[in-house]
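In: Provided below are the primary sequence and the corresponding predicted coordinates.
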Amino acid sequence: MLGSALSNQVGAALGAHAFGAIGPPGVVAVRQVVAATVLLPAARPPLRRMTWPQWWPALLLAAVFGCMNLSLYTAIDRLGLGLAVTLEFLGPLAVALAASRSRRDLLIAAAAAAGVYVLVLPGPSSDYLGIGVGLLAGVCWAAYIVLNRVAGARLPGLQAPAVATGLCALAYLPVLVVVAAAGRLTWAATGYAVAAGVLASVVPYAADLIALRFVPARFFGVFMSVHPVLAALVGVVLLRQLLGLHEWVGIAVVVLANAAAVATTRSGAQREDSGDVLVRPDDHRAAGVALDAP
């Protein structure tokens, strides 16, 4: 799970190096083409035999992929990697906490919200558009989890994400045509975008599928809140995006909220394990929390 999260953030950072040449839409387009090129042959979805109940969640997933990746990369371009990923992370954390109505989980959610407020510190100089698209990425991530739960029950393994990625790549082909026609698709930009496709899509898909064979889905969803920490560190190392004190404090509050949530989830996981209720590769809950975070 840690390797998947780190690969995701390194891929996003490498993709950011191509923003100056082809912009976030161009990076997303290349990334989706690369991911589709790898995932479709690996998953081999039965396209000709798919029924409408299998097609419609895949179509919605494709729309979510396109919106999620574009909004996240736009937020990274405007806000930086650490802040953008922290805002996006609110989506899966909300889904993980929504399963509970306990007062403790409400306090955890409030602590996470306070951490994000300290991280952003809204003011006259705040980039509200960047914050908005970062939150939109979080909404899309939450929608991805819910949709993938449905799609995973109807298409096994990586078939649903593979179909969705292929459809999203087709939708972004006009962007590639425009960027190439303008002479902006340089070798360097293409290399960075391709690396983003491999590290932020292909590797996490495979790693998450393996991880979900061994851990409860809700624990997995909450554990992925490690993304903001890794994003901040990767942003410092690869993008030289130094953070202010309040930003580190905000991230620390979010991490502490995550630790409390993990403790709560772990106790629930132990109850599941005692009853032999485990997450298996074909379990719809496993597919439902697999992450794309691009």
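Out: In hand now; what should we look at?

In: these two touch, right, Leu60 and Val146?
Out: No - using CB atoms under 8 Å, Leu60 is not in contact with Val146; the gap is 9.8 Å. Any C-beta I mention is one placed from the backbone N, CA and C, and that applies to glycine too.

In: between these two, which one's more packed in?
Out: Taking other CB atoms under 10 Å, Leu60 and Val146 do not tie; Leu60 has more neighbours (18 against 15).

In: residues in contact with the more buried one?
Out: Applying CB atoms under 8 Å, 6 or more residues apart in numbering to Leu60 gives the contacts 143, 147.

In: report the separation between it and Val150.
Out: Separation of Leu60 from Val150 (CB to CB, to the nearest Å) stands at 9 Å.

In: tabulate the CA atom coordinates of stretch 80-88 in PDB.
Out: The C-alpha coordinates for stretch 80-88 follow below in PDB (Å, rounded to 0.1, in the frame of the first residue of the first chain):
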ATOM      1  CA  GLY A  80       1.400  22.500  -5.500                       C
ATOM      2  CA  LEU A  81       1.400  18.800  -5.000                       C
ATOM      3  CA  GLY A  82       1.000  18.500  -1.300                       C
ATOM      4  CA  LEU A  83      -2.000  20.900  -1.000                       C
ATOM      5  CA  ALA A  84      -3.700  19.500  -4.100                       C
ATOM      6  CA  VAL A  85      -3.500  15.900  -2.900                       C
ATOM      7  CA  THR A  86      -4.600  16.800   0.600                       C
ATOM      8  CA  LEU A  87      -7.800  18.300  -0.800                       C
ATOM      9  CA  GLU A  88      -8.400  15.400  -3.100                       C
END
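
In: please give me every residue in contact with Leu61.
Out: Neighbours of Leu61 in contact, by CB under 8 Å, 6+ apart: 144, 147-148, 151, 160-161, 163-164.

In: what does the pLDDT read for it?
Out: In this model, Leu61 is scored at 91, pLDDT.

In: so what's it closest to, chain neighbours aside?
Out: Using CB to CB, 6 or more residues apart in numbering and skipping the chain neighbours, the partner closest in space to Leu61 is Ala164 (3.6 Å).

In: count the neighbours of Ile131 for me.
Out: 19.

In: nearest residue to it in space, ignoring adjacent ones along the chain?
Out: Per CB to CB, 6+ apart, closest to Ile131 is Val120, 6.2 Å.

In: give me the neighbour count for the one you found.
Out: 21.

In: is it in contact with Leu83, as I believe?
Out: Yes - counting by CB under 8 Å, Val120 does reach Leu83; the two are 7.1 Å apart.

In: which strand or helix spans the nearest residue to Leu59 once chain neighbours are set aside?
Out: If the residues on either side of it in the chain are set aside, Leu59 comes closest to Leu167, at 6.7 Å by CB to CB, 6+ apart. Taking DSSP states H and E as the definition, one finds Leu167 inside helix 159-181.

In: Ala114 too?
Out: Ala114 belongs to helix 103-120, assigned by DSSP H and E.

In: list the buried residues for the helix or strand just after that helix?
Out: Moving toward the C-terminus from helix 103-120, the next helix or strand (DSSP H and E) is helix 128-154. Using 16 or more other CB atoms under 10 Å as the test for burial, helix 128-154 gives 130-131, 133-145, 147-154.

In: repeat that for stretch 107-116.
Out: Within stretch 107-116, the residues scored as buried using 16+ other CB under 10 Å are 108-109, 111-112, 115-116.

In: let's test this: mean pLDDT of the helix holding Ala114, rounded?
Out: Average pLDDT, helix 103-120: 84.

In: low pLDDT regions in the stretch 151-294 of the chain?
Out: 217-218, 221-222, 259, 261-294 (pLDDT under 70).

In: the helix or strand hosting Ala75: what's the following helix or strand?
Out: Taking DSSP H and E as the definition, one finds Ala75 inside helix 52-79. Remark: after helix 52-79, the chain's next helix or strand is helix 81-98, criterion DSSP H and E.

In: that following helix to helix 103-120, inter-axis angle?
Out: Orientation check (axes from the mean of the first three to the mean of the last three CA atoms, to 10 degrees): helix 81-98 against helix 103-120 gives 170 degrees.

In: and helix 81-98, what does it pack against?
Out: Counting contacts by 3 or more CB pairs under 8 Å, 6 or more residues apart in numbering; DSSP states H and E, helix 81-98 packs against helix 2-16, helix 52-79, helix 103-120, helix 128-154, helix 217-223, helix 227-239, helix 245-274.
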